[in-house]
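Novice: the following block contains a protein sequence and its predicted model.
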Amino acid sequence: MPASRTVSSTRSNTGVTTAVLLVAVVAAYSFGKRVGAVQELIAASPSNAQKIALVKKQKCATGWCETLWLGNTRADVVKVAELTPRTEHCDEIAWAADGYRVGFVVNGYQLRIFDGMARKPINRVNLIEPDGTPTSQIVRGVTFSQNGAAVTFDECPRGRSGCKSGLVAVR
């Protein structure tokens, strides 16, 4: 005769409850880490110097906030600028080969130039004139001249081919 026994429903409910609770804790932990986490969006280094520029993004009161950072290594970077939430974002970083100048392309048209050694702002230059938000043209491929006094770039239609070259003095 087969043995039979009564199984308590409490035991099976406890297992299900524990599993649901575990899933909820893991989800809450992951969500909390993601919301508070700083994300590195862009990083660039000059070809002839040990430096690094970073663009970081994190959640803030008004949405996502981007910040610009400079340093010799990732371990010693310092924040050099905060972009205006919801209206400004960084698209590209360009270094002079010697590491003395670094530029952040903001909103596809403006170059914010910093001293790579002192980590201080030097200049803001519109490489192209904005024609709206977003602009119909964007800047790509920014390159500093040998002495850091000018930059070359490509002015491209947003979302299609047909770039043309540009040159702007930045000092």
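Specialist: Okay, I see it.

Novice: and the helix or strand harbouring Val151, what does it pack against?
Specialist: In this assignment (DSSP states H and E), Val151 forms part of strand 150-157. Secondary structure elements in contact with strand 150-157, counted by 3 or more CB pairs under 8 Å, 6 or more residues apart in numbering; DSSP states H and E, are strand 137-144, strand 164-169. Yep, even glycine has a C-beta here, placed from its N, CA and C like the rest.

Novice: if I look at Arg140, how far off is Pro157?
Specialist: Arg140 is 11 Å from Pro157, where distance means CB to CB, to the nearest Å.

Novice: what do the two both touch?
Specialist: Cys163 (CB atoms under 8 Å, 6 or more residues apart in numbering).

Novice: strands of this structure, residue ranges please.
Specialist: 39-44, 52-60, 63-71, 78-82, 90-95, 101-106, 110-115, 120-126, 137-144, 150-157, 164-169 (DSSP state E).

Novice: partner strands of the third one, with direction?
Specialist: Strands flanking strand 63-71 in the sheet, each with its direction: strand 52-60 (antiparallel), strand 78-82 (antiparallel) (DSSP bridges).

Novice: by how many degrees do that strand and strand 90-95 diverge?
Specialist: 0 degrees (axes from the mean of the first three to the mean of the last three CA atoms, to 10 degrees).

Novice: strand 63-71 vs strand 110-115, what angle?
Specialist: Computed by the same axes, to 10 degrees, the angle between strand 63-71 and strand 110-115 is 40 degrees.

Novice: quick one: mean pLDDT over strand 63-71.
Specialist: Averaged across strand 63-71, the pLDDT comes to 95.

Novice: just checking, which helix or strand of this structure averages the lowest pLDDT?
Specialist: helix 9-36 (a mean of 55; mean pLDDT, DSSP states H and E).
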